[in-house]
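Asker: test case, fold it:
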Amino acid sequence: MVKIAPSILAADFANLERDIRRIAAADYVHVDVMDGLFVPNITIGIPVVRCIRPVTELPLDVHLMIQRPVRYVEAFCDAGADIVTAHVEADTEENTCLALEKIHARGKRAGVVVKPATPAEAVLPFLKMCDIILVMTVEPGFGGQKFMAEQMPKLQTIRRWIDQQNPACELEVDGGIDPVTCKTVIENGANVLVAGSAVYKAADIPSRIRELRG
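Answerer: Predicted structure coming up:
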């Protein structure tokens, strides 16, 4: 089954509890954490994750767009994250492996993320350690960007490797997902779709979530 992970980056932060409750029909709550260093934007951090944890029963899917995430993964787990993903570009291979180990040691799901310019091969050192792999179909840092269809060969390649080496691993896509592009990414192997504006700008959010499942 295709899972939908609405990004609260597109929510109304003055009414965050309300907007998280509005996506109860989804599968995950996607939380974009940006530090102003790894990406140019700054969003939210550990205190917000801790505050939103009690307002939803959905798993919190925390996407760390921060430098050297190994420093903070345990704190995000302790704050209530259920899934924590870290960019392969944000640290050394050794530290990324250590971050994955720390997340698992907290009993949470772990994964890696690749930016559009990063080749598929970058996930291979971590593939068997991952519960989820996230492929960016926009440049990370800001919501509302246009979907990059040229990332589909990468998605296909990673799907093939997952099926061969770690079939339980989920393949997530983030960036420009809407009722049209959702079909494209599903056809190319994704089974978890992150969507921000397409969900929160919909007149009927539960209906839009159903639509995005393809």
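
Asker: show me which residues of stretch 135-150 are buried.
Answerer: Residues 135-138, 140-141, 143, 145, 147-148 are the ones in stretch 135-150 that count as buried (16 or more other CB atoms under 10 Å). For every residue, glycine as well, the C-beta is placed using N, CA and C.

Asker: which residues does residue 1 contact?
Answerer: 191, 213 (CB atoms under 8 Å, 6 or more residues apart in numbering).

Asker: again, but for residue 104
Answerer: So residue 104 contacts 110, 129 (CB under 8 Å, 6+ apart).

Asker: ok, now the one 10 residues further on?
Answerer: If a contact means CB under 8 Å, 6+ apart, then residue 114 has 87-89, 120, 122-123, 133-136, 154 as its contacts.

Asker: try it again with 7 Å
Answerer: 88, 122-123, 135-136 (CB atoms under 7 Å, 6 or more residues apart in numbering).

Asker: other SSEs contacting the helix or strand in which residue 33 is found?
Answerer: Residue 33 belongs to strand 29-34 when assigned by DSSP states H and E. In this structure, strand 29-34 packs against strand 3-6, strand 60-65, with contacts taken as 3 or more CB pairs under 7 Å, 6 or more residues apart in numbering; DSSP states H and E.

Asker: pLDDT score for the residue nearest to the spatial centre of the chain?
Answerer: Residue closest to the mean C-alpha point of the chain, counted by CA atoms, centre = their mean, is residue 63 at 5.0 Å. Per-residue pLDDT puts residue 63 at 98.

Asker: before we move on, the earlier item: quick one: closest of the helices and strands packed on strand 29-34 to residue 210.
Answerer: Among those, the nearest to residue 210 by CB to CB is strand 3-6 (8.7 Å).

Asker: any weak-confidence spans in the chain?
Answerer: Low-confidence segments of the chain, defined by pLDDT under 70: 143-144.

Asker: now do the helices in it.
Answerer: 16-21, 46-52, 73-79, 93-105, 152-165, 181-187, 197-200, 205-212 (DSSP state H).

Asker: buried deepest among those, which one?
Answerer: helix 197-200 (a mean of 23; mean count of other CB atoms under 10 Å).

Asker: ok, residues contacting that helix?
Answerer: 6, 10-11, 19, 23, 143-144, 177-179, 205, 208-209, 212.

Asker: swap in 8 Å and give it another go.
Answerer: 4, 6-7, 10-12, 19, 22-23, 26, 143-144, 177-179, 205, 208-209, 212.

Asker: the residue nearest to the centre of the chain against residue 33, yeah?
Answerer: Yes - Residue 63 is in contact with residue 33 according to CB atoms under 8 Å; the separation is 6.6 Å.

Asker: contacting residues for the residue nearest to the centre of the chain?
Answerer: 30-33, 85, 113, 134, 174, 194.

Asker: by neighbours, which of those wins?
Answerer: Within these, neighbour counts (other CB atoms under 10 Å) peak at residue 30, which reaches 31 neighbours.

Asker: just grab the bridge partners of that residue for me.
Answerer: Here residue 30 sits in beta bridges with residue 7, residue 61, as judged by DSSP bridges.

Asker: how close does it get to residue 81?
Answerer: Note on residue 30: its distance to residue 81, by CB to CB, to the nearest Å, is 11 Å.

Asker: overlap in contacts of the two?
Answerer: By CB under 8 Å, 6+ apart, the residues touching both residue 30 and residue 81 are residue 61.
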